[in-house]
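Peer 1: Can you look at this prediction? I've put the sequence above it.
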Amino acid sequence: MHGLSKSPWRSSGSEKRGMQFFPIFLFFLLVLLFFLIYVCSGVSSASAAVNEEDRLSIILIDGEDLYVRSGDSHTFYQGYELYVKGADPDASRVWLELSREGISLEDAIATEGTSLVYSRNSTVFLNITVDTIYAGTDGALVRFFPVYQYLDPKYPKPQTPTSPLPESSENNSSLPGGPEYQAKGFNASIFFLSLGSLLFFIGIFAGRTKEQK
(Lines give C-alpha, C1' and ligand atoms only; values in the text may rest on other atoms or scores of the structure.)
Protein backbone atom coordinates (compact mmCIF):
# COMPACT_ATOMS: atom_id res chain seq x y z
CA MET A 1 0.00 0.00 0.00
CA HIS A 2 2.79 2.32 0.83
CA GLY A 3 4.31 1.62 -2.59
CA LEU A 4 1.17 2.97 -4.34
CA SER A 5 0.97 6.25 -2.41
CA LYS A 6 2.08 9.47 -4.11
CA SER A 7 5.25 10.93 -2.74
CA PRO A 8 4.80 14.49 -1.39
CA TRP A 9 8.38 15.31 -2.40
CA ARG A 10 7.60 14.65 -6.09
CA SER A 11 4.67 17.10 -6.06
CA SER A 12 6.77 19.70 -4.30
CA GLY A 13 9.49 19.34 -6.95
CA SER A 14 7.00 19.92 -9.79
CA GLU A 15 5.70 23.06 -8.15
CA LYS A 16 9.26 24.29 -7.63
CA ARG A 17 10.09 23.76 -11.31
CA GLY A 18 6.92 25.61 -12.29
CA MET A 19 7.81 28.57 -10.12
CA GLN A 20 11.34 28.64 -11.59
CA PHE A 21 9.92 28.65 -15.12
CA PHE A 22 7.67 31.67 -14.47
CA PRO A 23 10.44 34.36 -14.39
CA ILE A 24 11.91 32.96 -17.62
CA PHE A 25 8.50 33.01 -19.29
CA LEU A 26 7.91 36.56 -18.12
CA PHE A 27 11.32 37.66 -19.40
CA PHE A 28 10.63 36.39 -22.92
CA LEU A 29 7.24 38.08 -22.95
CA LEU A 30 8.85 41.40 -22.01
CA VAL A 31 11.44 40.95 -24.77
CA LEU A 32 8.61 40.33 -27.24
CA LEU A 33 6.79 43.45 -26.05
CA PHE A 34 9.81 45.73 -26.52
CA PHE A 35 10.53 44.17 -29.92
CA LEU A 36 7.01 44.99 -31.13
CA ILE A 37 7.36 48.58 -29.89
CA TYR A 38 10.69 48.92 -31.70
CA VAL A 39 9.27 47.59 -34.98
CA CYS A 40 6.27 49.89 -34.65
CA SER A 41 8.53 52.91 -34.10
CA GLY A 42 10.56 52.12 -37.20
CA VAL A 43 7.47 51.79 -39.39
CA SER A 44 6.00 55.05 -38.09
CA SER A 45 9.27 56.94 -38.67
CA ALA A 46 9.49 55.64 -42.24
CA SER A 47 5.89 56.65 -42.87
CA ALA A 48 6.59 60.15 -41.53
CA ALA A 49 9.58 60.48 -43.88
CA VAL A 50 7.47 59.48 -46.88
CA ASN A 51 4.79 61.99 -45.90
CA GLU A 52 7.38 64.75 -45.69
CA GLU A 53 8.65 63.93 -49.18
CA ASP A 54 5.09 64.06 -50.52
CA ARG A 55 4.59 67.43 -48.93
CA LEU A 56 7.71 68.86 -50.61
CA SER A 57 6.44 67.79 -54.05
CA ILE A 58 3.19 69.82 -53.87
CA ILE A 59 3.04 72.07 -56.95
CA LEU A 60 1.85 75.63 -56.51
CA ILE A 61 2.55 76.84 -60.08
CA ASP A 62 2.68 74.17 -62.76
CA GLY A 63 4.43 75.29 -65.94
CA GLU A 64 2.55 78.56 -66.46
CA ASP A 65 3.79 81.65 -68.30
CA LEU A 66 4.52 85.03 -66.74
CA TYR A 67 5.17 88.52 -68.15
CA VAL A 68 7.24 91.08 -66.22
CA ARG A 69 8.42 94.44 -67.57
CA SER A 70 11.88 95.80 -66.89
CA GLY A 71 11.87 97.68 -63.59
CA ASP A 72 8.84 95.75 -62.27
CA SER A 73 8.50 92.69 -60.09
CA HIS A 74 6.15 89.75 -59.57
CA THR A 75 5.30 88.21 -56.20
CA PHE A 76 4.90 84.44 -56.03
CA TYR A 77 3.19 82.37 -53.36
CA GLN A 78 4.83 82.26 -49.89
CA GLY A 79 6.36 85.73 -50.37
CA TYR A 80 8.95 84.99 -53.07
CA GLU A 81 9.50 87.94 -55.43
CA LEU A 82 11.04 88.05 -58.90
CA TYR A 83 12.44 91.45 -59.90
CA VAL A 84 13.56 92.36 -63.44
CA LYS A 85 16.11 94.98 -62.47
CA GLY A 86 17.19 96.01 -65.93
CA ALA A 87 17.89 95.04 -69.54
CA ASP A 88 20.38 95.75 -72.33
CA PRO A 89 19.36 98.39 -74.89
CA ASP A 90 18.95 95.71 -77.55
CA ALA A 91 17.01 93.49 -75.07
CA SER A 92 19.47 90.62 -75.44
CA ARG A 93 20.02 90.22 -71.70
CA VAL A 94 18.11 91.00 -68.51
CA TRP A 95 19.18 91.32 -64.90
CA LEU A 96 17.06 89.17 -62.59
CA GLU A 97 16.88 88.97 -58.82
CA LEU A 98 14.85 86.57 -56.69
CA SER A 99 14.22 87.65 -53.12
CA ARG A 100 11.97 87.12 -50.13
CA GLU A 101 11.12 89.80 -47.57
CA GLY A 102 13.92 91.99 -48.91
CA ILE A 103 16.59 89.29 -48.70
CA SER A 104 18.24 88.42 -52.02
CA LEU A 105 18.20 84.69 -52.77
CA GLU A 106 19.36 84.44 -56.39
CA ASP A 107 20.84 86.99 -58.80
CA ALA A 108 21.64 86.40 -62.47
CA ILE A 109 22.22 87.98 -65.88
CA ALA A 110 19.93 85.96 -68.13
CA THR A 111 19.35 85.52 -71.83
CA GLU A 112 16.58 83.70 -73.64
CA GLY A 113 16.62 80.07 -72.53
CA THR A 114 18.29 80.78 -69.18
CA SER A 115 16.70 79.20 -66.11
CA LEU A 116 16.71 80.80 -62.68
CA VAL A 117 16.48 78.04 -60.06
CA TYR A 118 16.16 78.48 -56.32
CA SER A 119 16.75 75.44 -54.12
CA ARG A 120 17.59 74.64 -50.52
CA ASN A 121 19.09 71.39 -49.24
CA SER A 122 18.87 69.90 -52.76
CA THR A 123 15.12 70.64 -52.93
CA VAL A 124 13.92 72.95 -55.73
CA PHE A 125 11.24 75.50 -54.82
CA LEU A 126 11.31 77.79 -57.87
CA ASN A 127 12.33 77.08 -61.46
CA ILE A 128 11.84 80.03 -63.82
CA THR A 129 12.95 80.02 -67.47
CA VAL A 130 13.38 83.14 -69.63
CA ASP A 131 11.48 82.36 -72.82
CA THR A 132 11.43 85.64 -74.77
CA ILE A 133 12.76 89.18 -74.24
CA TYR A 134 10.79 91.85 -76.10
CA ALA A 135 12.35 95.26 -76.74
CA GLY A 136 10.20 98.37 -76.33
CA THR A 137 10.37 102.15 -76.03
CA ASP A 138 9.44 102.00 -72.35
CA GLY A 139 11.76 99.08 -71.51
CA ALA A 140 12.02 95.38 -72.12
CA LEU A 141 9.17 92.96 -71.56
CA VAL A 142 10.21 89.48 -70.42
CA ARG A 143 8.12 86.36 -70.91
CA PHE A 144 8.98 83.59 -68.49
CA PHE A 145 7.92 80.09 -69.50
CA PRO A 146 7.66 77.55 -68.04
CA VAL A 147 7.36 78.70 -64.43
CA TYR A 148 7.27 76.15 -61.60
CA GLN A 149 6.86 76.74 -57.89
CA TYR A 150 6.76 74.04 -55.22
CA LEU A 151 5.53 74.29 -51.65
CA ASP A 152 8.21 75.36 -49.19
CA PRO A 153 7.35 73.72 -45.82
CA LYS A 154 9.44 76.33 -44.02
CA TYR A 155 6.70 78.93 -44.61
CA PRO A 156 2.89 78.94 -44.23
CA LYS A 157 0.86 77.27 -46.95
CA PRO A 158 -0.80 79.80 -49.30
CA GLN A 159 -4.56 80.20 -49.06
CA THR A 160 -5.24 80.36 -52.81
CA PRO A 161 -2.74 78.22 -54.72
CA THR A 162 -2.83 78.03 -58.52
CA SER A 163 -3.50 74.29 -58.46
CA PRO A 164 -5.54 72.63 -55.68
CA LEU A 165 -3.52 71.01 -52.94
CA PRO A 166 -4.35 67.47 -51.77
CA GLU A 167 -6.67 67.56 -48.76
CA SER A 168 -4.47 65.07 -46.96
CA SER A 169 -1.28 67.13 -47.25
CA GLU A 170 -1.96 69.09 -44.06
CA ASN A 171 -2.84 65.94 -42.14
CA ASN A 172 0.30 64.16 -43.33
CA SER A 173 2.45 66.82 -41.74
CA SER A 174 1.08 65.97 -38.28
CA LEU A 175 2.22 63.10 -36.17
CA PRO A 176 0.41 59.82 -36.88
CA GLY A 177 -1.92 58.57 -34.24
CA GLY A 178 -3.60 61.53 -32.54
CA PRO A 179 -2.54 63.73 -29.61
CA GLU A 180 0.12 66.40 -29.98
CA TYR A 181 1.97 65.14 -26.93
CA GLN A 182 2.33 61.67 -28.43
CA ALA A 183 5.97 60.74 -29.03
CA LYS A 184 7.11 60.81 -32.64
CA GLY A 185 7.24 57.34 -34.21
CA PHE A 186 5.24 55.78 -31.36
CA ASN A 187 2.11 53.77 -32.20
CA ALA A 188 -0.20 53.60 -29.19
CA SER A 189 -2.49 50.93 -30.66
CA ILE A 190 0.30 48.37 -31.08
CA PHE A 191 1.68 49.26 -27.66
CA PHE A 192 -1.61 48.56 -25.87
CA LEU A 193 -2.19 45.45 -27.99
CA SER A 194 1.20 44.10 -26.94
CA LEU A 195 0.59 45.01 -23.32
CA GLY A 196 -2.78 43.27 -23.38
CA SER A 197 -1.25 40.14 -24.88
CA LEU A 198 1.43 40.15 -22.20
CA LEU A 199 -1.12 40.41 -19.38
CA PHE A 200 -3.26 37.72 -21.01
CA PHE A 201 -0.44 35.17 -21.11
CA ILE A 202 0.66 36.06 -17.60
CA GLY A 203 -2.88 35.45 -16.40
CA ILE A 204 -3.06 32.07 -18.12
CA PHE A 205 0.27 30.94 -16.69
CA ALA A 206 -0.58 32.20 -13.22
CA GLY A 207 -3.86 30.26 -13.32
CA ARG A 208 -2.13 27.04 -14.30
CA THR A 209 0.44 27.51 -11.55
CA LYS A 210 -2.35 28.00 -9.02
CA GLU A 211 -4.06 24.77 -10.19
CA GLN A 212 -0.85 22.83 -9.72
CA LYS A 213 -0.72 23.97 -6.12
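Peer 2: Now that the structure is in, tell me what you want to look at.
Peer 1: Stretch 98-107: which residues count as buried?
Peer 2: Within stretch 98-107, the residues that qualify as buried are Leu98, Ser99, Arg100, Leu105, Glu106, counting by 16 or more other CB atoms under 10 Å. Yep, even glycine has a C-beta here, placed from its N, CA and C like the rest.
Peer 1: hang on, I meant stretch 64-82
Peer 2: If you call a residue buried by 16+ other CB under 10 Å, then stretch 64-82 has these buried ones: Leu66, Val68, Arg69, Ser70, His74, Phe76, Tyr77, Gln78, Tyr80, Leu82.
Peer 1: quick one, what contacts Leu66?
Peer 2: His74, Leu82, Ile128, Arg143, Phe144, Phe145, Val147 (CB atoms under 8 Å, 6 or more residues apart in numbering).
Peer 1: Of those, just the buried ones, PyMOL syntax please.
Peer 2: This is how PyMOL selects the buried members of the contacts of Leu66, with burial counted by 16+ other CB under 10 Å:
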select buried, resi 74+82+128+144+147
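Peer 1: Which member of the contacts of Leu66 is positioned nearest Asp88?
Peer 2: Asp88 lies nearest to Arg143 out of the contacts of Leu66, by CB to CB, at 16.3 Å.
Peer 1: Pipe the buried residues of stretch 64-82 into JSON lines and attach pLDDT and distance to Pro158 per row.
Peer 2: Formatted as JSON lines, the buried residues of stretch 64-82 follow (pLDDT from 0 to 100; distance: CB to CB, whole Å):
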{"residue": "Leu66", "pLDDT": "95", "distance to Pro158": "16"}
{"residue": "Val68", "pLDDT": "96", "distance to Pro158": "20"}
{"residue": "Arg69", "pLDDT": "95", "distance to Pro158": "24"}
{"residue": "Ser70", "pLDDT": "94", "distance to Pro158": "27"}
{"residue": "His74", "pLDDT": "96", "distance to Pro158": "15"}
{"residue": "Phe76", "pLDDT": "96", "distance to Pro158": "9"}
{"residue": "Tyr77", "pLDDT": "95", "distance to Pro158": "4"}
{"residue": "Gln78", "pLDDT": "95", "distance to Pro158": "6"}
{"residue": "Tyr80", "pLDDT": "96", "distance to Pro158": "11"}
{"residue": "Leu82", "pLDDT": "97", "distance to Pro158": "16"}
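Peer 1: Show me the two of the residues you listed that sit farthest apart.
Peer 2: Farthest pair in the buried residues of stretch 64-82 (CB to CB) is Ser70 and Gln78. Separation: 24.8 Å.
Peer 1: mind listing what Phe76 touches?
Peer 2: By CB under 8 Å, 6+ apart, the contact set of Phe76 is Leu60, Ile61, Leu82, Leu126, Gln149.
Peer 1: what does Asp138 give?
Peer 2: Asp138 makes contact with Arg69 under the criterion CB under 8 Å, 6+ apart.
Peer 1: can you tell me the helix or strand for Asp62?
Peer 2: strand 59-69 (DSSP states H and E).
Peer 1: Who does that strand pair with, and is each partner parallel or antiparallel?
Peer 2: Strand pairing for strand 59-69, determined by DSSP bridges: strand 141-150 (antiparallel).
Peer 1: Contacts for the strand it pairs with, please.
Peer 2: Residues outside strand 141-150 that contact it (CB under 8 Å, 6+ apart): 56-70, 76-77, 80, 82, 84, 87, 94, 123-134.
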